[in-house]
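Colleague: Just a sequence and a predicted model for now, questions to come.
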Amino acid sequence: FIGSYTSVFKGRGLVFKDYRPYNPNDDAAMIDWKASVKTKKLLVREFEEERNLNIFFLIDVSSSMVYGSIDKLKMEYAGELIAALSYSVLNSGDSVGFAMFSDKIIKSSPPASGIIEYHNLIKTLVDPKYYGGKYDLNEALKFTLAFLKESSIVILVSDFIGLKSGWERYVKMVSKRYDLIGIMVRDPRDRALPDYSGQAVLEDPYSGRQILVRPELIGEEYKRHIAKQEQQIRDVFIKAYADFLELYTDKPFVEPITSLFIRRAAKHR
């Protein structure tokens, strides 16, 4: 993870700082001819090393994340993913910050570096008191726009269940200001109902409302509806020029994350 992270997010080289007068010891290739013509002086471009990156995790901790049809809840899977990524980030000398949200911001921390930040994040991720509640991605994205400085990488980790109207506009706004990566974490049951005859109870994770269904009668329609929903979510990120990754709790995340890094490396060459 550390090697993959470093190859994609680090090493972006030098960034332009200012102009200064040319002297005979300078490389002539550094002369900015357009600026020199305007000022009627030979000017060269000065560069400085790009500063460390700020990686900001926007973490969905709403009630739908406190669910699992296998031996791992979505919140546990997301927590392990964020722990692995943040460890790579901090070991590369970059900074990590986070905000946990439901229908409001539950807890937040600005980007900072150092191993203490890793322990603070892990301590927060494993604390059950921060989990549960309704879901409002709009509010989380609005908070990010106000809280986080530009030139940061925002990694949004959510199951995207319970989206409110207008969320697409905020994704576009965040992607325009930051480097946005959306990671959708879902349980296998989010995609398909159990394959058996009989009755099953479905419950709304936010309101607690229940409905009795026969999975064999609605299973195919359920799959089609979810597939359409996931495609719509994917399309929003793609149209906003953001990266998007789908993960399921019954499959390891290492290979998909590494593949995402490789795609980003190819895109930013």
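Modeller: Sure, I can see it. Residues are numbered from 1 along each chain as shown.
Colleague: make it CA atoms for all contacts and neighbour counts henceforth
Modeller: Will do.
Colleague: show me where the protein has strands.
Modeller: All strands of the chain, identified by DSSP state E, fall at 14-21, 43-49, 54-60, 95-101, 105-112, 152-158, 179-186, 200-203, 210-213, 243-248.
Colleague: Can you tell me which of the ones you listed is packed in deepest?
Modeller: strand 54-60 (a mean of 25; mean count of other CA atoms under 10 Å).
Colleague: just checking, what packs against that one?
Modeller: With contacts defined as 3 or more CA pairs under 8 Å, 6 or more residues apart in numbering; DSSP states H and E, strand 54-60 has these neighbours: strand 95-101, strand 105-112, strand 152-158.
Colleague: need the strands of the chain in CSV with distance to K172, can you?
Modeller: CSV is the format used below for the strands of the chain (distance: least, CA to CA, whole Å):
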stretch, distance to K172
strand 14-21, 26
strand 43-49, 29
strand 54-60, 15
strand 95-101, 19
strand 105-112, 20
strand 152-158, 13
strand 179-186, 9
strand 200-203, 31
strand 210-213, 34
strand 243-248, 12
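Colleague: could these go into JSON lines alongside mean pLDDT and distance to L193?
Modeller: As requested, the strands of the chain are exported to JSON lines (pLDDT from 0 to 100; distance: least, CA to CA, whole Å):
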{"stretch": "strand 14-21", "mean pLDDT": "73", "distance to L193": "51"}
{"stretch": "strand 43-49", "mean pLDDT": "72", "distance to L193": "52"}
{"stretch": "strand 54-60", "mean pLDDT": "95", "distance to L193": "23"}
{"stretch": "strand 95-101", "mean pLDDT": "96", "distance to L193": "27"}
{"stretch": "strand 105-112", "mean pLDDT": "96", "distance to L193": "31"}
{"stretch": "strand 152-158", "mean pLDDT": "95", "distance to L193": "20"}
{"stretch": "strand 179-186", "mean pLDDT": "96", "distance to L193": "13"}
{"stretch": "strand 200-203", "mean pLDDT": "88", "distance to L193": "9"}
{"stretch": "strand 210-213", "mean pLDDT": "92", "distance to L193": "10"}
{"stretch": "strand 243-248", "mean pLDDT": "96", "distance to L193": "15"}
